[in-house]
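Trainee: Okay, predicted coordinates and the sequence, questions at the end:
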Amino acid sequence: MLTALDALTRLREGNQRFVAGVRSLDTLTSQTRRSEFVAGQKPFAVILGCSDSRVPVELVFDQGLGDLFVIRVAGNIVAASQIGSVEFAAAQFGTPLVVVLGHTRCGAVQATLDELQRPSENQSRNLRSIVDRIRPAVEGLLATELSHDSAALARQAVRANVRVSANFLRHGSPILEELIESDRLLVVGAEYALETGQVEFFDGVPVSA
């Protein structure tokens, strides 16, 4: 059985291939094996990532059909539907790893910072719901020296948002909490760099990994 650390290694190796501009044979041929997945699936990792078109998760990690259970939403926020989706994969398929994947230059995070600094009057209530989810993660940063450095503020805000989302998954669901406590699930946070293509796992990663 694949462990969470095995799954993490598999993602790291896949990202290394992506950065190098190569793809594994299994990934390239996975589409020819569609019939194998008709009866069911066994994804080895859940990725909760941003909807940004520049971060196609399967490509970033060089994985094919049936490998990843992907949830994408602007700002990689965590709401009830996202928690339910993670619960489904972890409980139904025994998927051992969940990755909250943020990325540099995230538009949703920047929109939240802009809103906090220059509130708008006519923002869509639907867009505001995303801003309101990100707000608690980044609001405190505006009270620090980062408020004088917009680029550094944006970088730290992306990571803060990932940490909050990952922590919410760890403590916002009795199902996920039980799986984590019994060492059947690991939730980590990571950031994809648009500039390099590299993914850095920085939150919740065991020292041994």
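Mentor: Perfect, I can see it now. Numbers count the residues shown, from 1 in each chain.

Trainee: Would you map the helices across the chain?
Mentor: 4-20, 25-29, 57-60, 80-93, 107-117, 125-138, 150-171, 174-181 (DSSP state H).

Trainee: Name the residues of the second one that are buried.
Mentor: In this case it means helix 25-29. residue 27 (16 or more other Cβ atoms under 10 Å). For every residue, glycine as well, the C-beta is placed using N, CA and C.

Trainee: What average pLDDT does that helix get?
Mentor: Taken as a whole, helix 25-29 has a mean pLDDT of 83.

Trainee: for it, packing partners?
Mentor: Contact partners of helix 25-29 among helices and strands, from 3 or more Cβ pairs under 8 Å, 6 or more residues apart in numbering; DSSP states H and E: none.

Trainee: among the helices of the chain, which gets the worst mean confidence?
Mentor: helix 25-29 - the lowest mean pLDDT of the helices of the chain, at a mean of 83.

Trainee: Can I get that helix as PDB, trimmed to CA atoms?
Mentor: Presented in PDB, the C-alpha positions along helix 25-29 are these (Å, rounded to 0.1, in the frame of the first residue of the first chain):
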ATOM      1  CA  LEU A  25       6.100   6.800 -20.200                       C
ATOM      2  CA  ASP A  26       3.300   5.900 -17.800                       C
ATOM      3  CA  THR A  27       1.900   9.400 -18.100                       C
ATOM      4  CA  LEU A  28       2.100   9.500 -21.800                       C
ATOM      5  CA  THR A  29       0.400   6.100 -22.200                       C
END
